[in-house]
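Participant: 3D model of this:
(4 chains)
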Protein chains: 2
Amino acid sequence: MPAALFDHIQKFVSLNAEDLELLAQYITVKTIAKKEVILNEGQRCDAQYFIVKGCVRIFTITENGTEQITHFGIENWWVSDYLSLEAKSPSHFFIQAVEASTIVVLNRVLQDELFIKLPQLERYFRMVAQKALGASMMRIYYLYLQTAEERYRHFANSFPEFIQWIPQYMLASYLGFTPEFLSKVRGKKI
Amino acid sequence: MPAALFDHIQKFVSLNAEDLELLAQYITVKTIAKKEVILNEGQRCDAQYFIVKGCVRIFTITENGTEQITHFGIENWWVSDYLSLEAKSPSHFFIQAVEASTIVVLNRVLQDELFIKLPQLERYFRMVAQKALGASMMRIYYLYLQTAEERYRHFANSFPEFIQWIPQYMLASYLGFTPEFLSKVRGKKI
DNA sequence: ACCATTTCTTAAACTGGATTAAGATTTTTC
DNA sequence: GAAAAATCTTAATCCAGTTTAAGAAATGGT
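Facilitator: Numbers count the residues shown, from 1 in each chain, chains lettered A, B, ... in the order given. Modelled structure (predicted):
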């Protein structure tokens, strides 16, 4: 089991060596290539993914054929299409590696079996989900309160390294404006 | 314990009579008046609220003094400021009754004690949180993909009764545009 | 029932950010 | 290391939704 996941779990619940060995049997560690797709739009999402190393983007294709990024999955975060996962409905999203990445896959059915053997993990995943919900509420808060330019400056302050290497057009998409507008804002003095 | 909460829990986990009696000791049922505030901006949110009857809104005051509604809490939903709850940080939000309502209050500290006695409830709240996360992802999806007019029509189709009685200016705020624009859209033929 | 407050509508002028188009630069591939 | 592909920039024009302003209608308290 990757150290990053081990550390993340220990921050919320404590598992002994035996528990960890059991958990290791239920997860799959995968390395995925840049641009490799791990969930396709229209397909049922049947797993949660923990980003050990790298980065994924969650996006959809709009009516006019452009990509709209709605979420990024960064290191030490779980990502999934939680609607598709719970309702067993076809996903609205693609999940794709932005760069070569290492992820942990936890299948929904296996997760349910695992919870019977390690009920402490219900607590871990409850806390992970509630933390993500808090982040999502703040995401919506900022989408409502900030202008496009403010969103860029706020994001750039919050994730200065991230905006260094991410393609600008992906950043623009995620922030909800065009690459041309991002260029304009970056070109401004001050 | 209100029947609505009992029914909601049973949809996810099963509790026996004894469990329910125990649970009842940890919750508080409150009736709140129209416009009564249950969480103030700047204050720590230390509970989750289940809406038995009625409706609450989650909002903030913008720089220019207007209210921006970011969420509604409707019947059979849990609401909270999940960031403030987990991080014990001051909330960015007000939570206020839109109409006279009945709610169940579950305090964070009591909830933790309760989980020791009824670990099945970790599962219940995990599922509640994951379902809310799925809804939040779709919320963001639609915020990105729809125009203001599309958001109104989509919301009106999804909650036809709700838009009947909710003040239009609250609906406009929640949908992210001005009451004047809503008036214009509603005035249109077709 | 009546007055005060809250909510809703209409319409003209305005603006933040999109669209369009074209060229410049950087990265990848072979 | 050259060609192809992907990414970024600049600038003119355009438009969805805001702002401003003022009046109309509905609701609520006593």
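Participant: Any residues of chain A in contact with DNA strand D? List them.
Facilitator: Counting by C-beta under 7 Å from any atom of the strand, the residues of chain A lying close to DNA strand D are A:167, A:168, A:169, A:179, A:180, A:182, A:183, A:184, A:186, A:187. Using the backbone N, CA and C atoms, a C-beta is placed for each residue, glycine as well.
Participant: rerun that using 6 Å as the cut-off
Facilitator: For chain A, the contact set with DNA strand D under C-beta under 6 Å from any atom of the strand comprises A:167, A:168, A:169, A:179, A:180, A:183, A:184, A:186, A:187.
Participant: Within reach of DNA strand C, which of these are there?
Facilitator: Restricting those to those near DNA strand C - C-beta under 6 Å from any atom of the strand - leaves residue A:180.
Participant: For ChimeraX, write the select line for the buried members of the residues of chain A next to DNA strand D.
Facilitator: Applying 16 or more other C-beta atoms under 10 Å in any protein chain shown to these, the buried members can be selected in ChimeraX as follows:
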select /A:169
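Participant: could the residues of chain A next to DNA strand D go into a markdown table alongside pLDDT and secondary structure?
Facilitator: Below are those laid out as a markdown table (pLDDT from 0 to 100; DSSP: H, G, I helix; E, B strand; the rest coil):
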| residue | pLDDT | secondary structure |
| --- | --- | --- |
| A:167 | 92 | coil |
| A:168 | 93 | helix |
| A:169 | 94 | helix |
| A:179 | 95 | helix |
| A:180 | 95 | helix |
| A:183 | 94 | helix |
| A:184 | 94 | helix |
| A:186 | 91 | helix |
| A:187 | 84 | helix |
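Participant: quick check, nearest of the residues of chain A next to DNA strand D to residue A:48?
Facilitator: residue A:167 (26.1 Å; C-beta to C-beta).
Participant: do you know how far that closest one is from residue A:55?
Facilitator: Going from residue A:167 to residue A:55 by C-beta to C-beta, to the nearest Å gives 11 Å.
Participant: Residue A:120 now?
Facilitator: Noted for residue A:120: a distance of 29 Å to residue A:55, by C-beta to C-beta.
Participant: Walking through chain A, point out its strands one by one.
Facilitator: Using DSSP state E, the strands found in chain A span residues A:28-32, A:37-39, A:47-53, A:56-61, A:67-73, A:78-79, A:94-97, A:101-107.
Participant: Quick one: list the elements packing against the fifth one.
Facilitator: Counting contacts by 3 or more C-beta pairs under 8 Å, 6 or more residues apart in numbering or on different chains; DSSP states H and E, the secondary-structure elements packed against strand A:67-73 are strand A:56-61, helix A:168-175, helix B:120-145.
Participant: Contacts for it, please.
Facilitator: Under the criterion C-beta atoms under 8 Å, 6 or more residues apart in numbering or on different chains, residues A:49, A:51, A:55-62, A:79, A:93, A:95, A:98, A:170, A:173-174, B:137, B:140-141, B:144-145 lie in contact with strand A:67-73.
Participant: just the buried members of these?
Facilitator: A:49, A:51, A:55-60, A:79, A:93, A:95, A:98, A:170, A:173-174, B:137, B:140-141, B:144.
Participant: Now narrow the residues you listed to whatever sits close to DNA strand C.
Facilitator: Within the buried ones among the contacts of strand A:67-73, nothing lies near DNA strand C by C-beta under 6 Å from any atom of the strand.
Participant: ok, now which ones touch residue A:95?
Facilitator: Residue A:95 makes contacts with A:37, A:38, A:39, A:45, A:49, A:56, A:57, A:58, A:73, A:79, A:81, as judged by C-beta under 8 Å, 6+ apart.
Participant: and the fifth one, how far is that from DNA strand C?
Facilitator: What it means is residue A:49. 23 Å (C-beta to the nearest atom of the strand, to the nearest Å).
Participant: That residue contacts residue A:78, correct?
Facilitator: Yes. Between residue A:49 and residue A:78 a contact is recorded at 6.8 Å, counting by C-beta atoms under 8 Å.
Participant: Contacts only, for residue A:107.
Facilitator: A:26, A:28, A:46, A:47.
Participant: Test of understanding: give the bridge partners of it.
Facilitator: residue A:47 (DSSP bridges).
Participant: wait, what's in contact with residue A:74?
Facilitator: A:51, A:55, A:162.
Participant: Excluding chain neighbours, what is closest to the residue sitting nearest the centre point of chain A?
Facilitator: For chain A, the residue nearest the mean C-alpha position is residue A:73 (2.5 Å; C-alpha atoms, centre = their mean). Nearest residue to residue A:73 in three dimensions, chain neighbours excluded: residue A:79, at 3.6 Å (C-beta to C-beta, 6 or more residues apart in numbering or on different chains).
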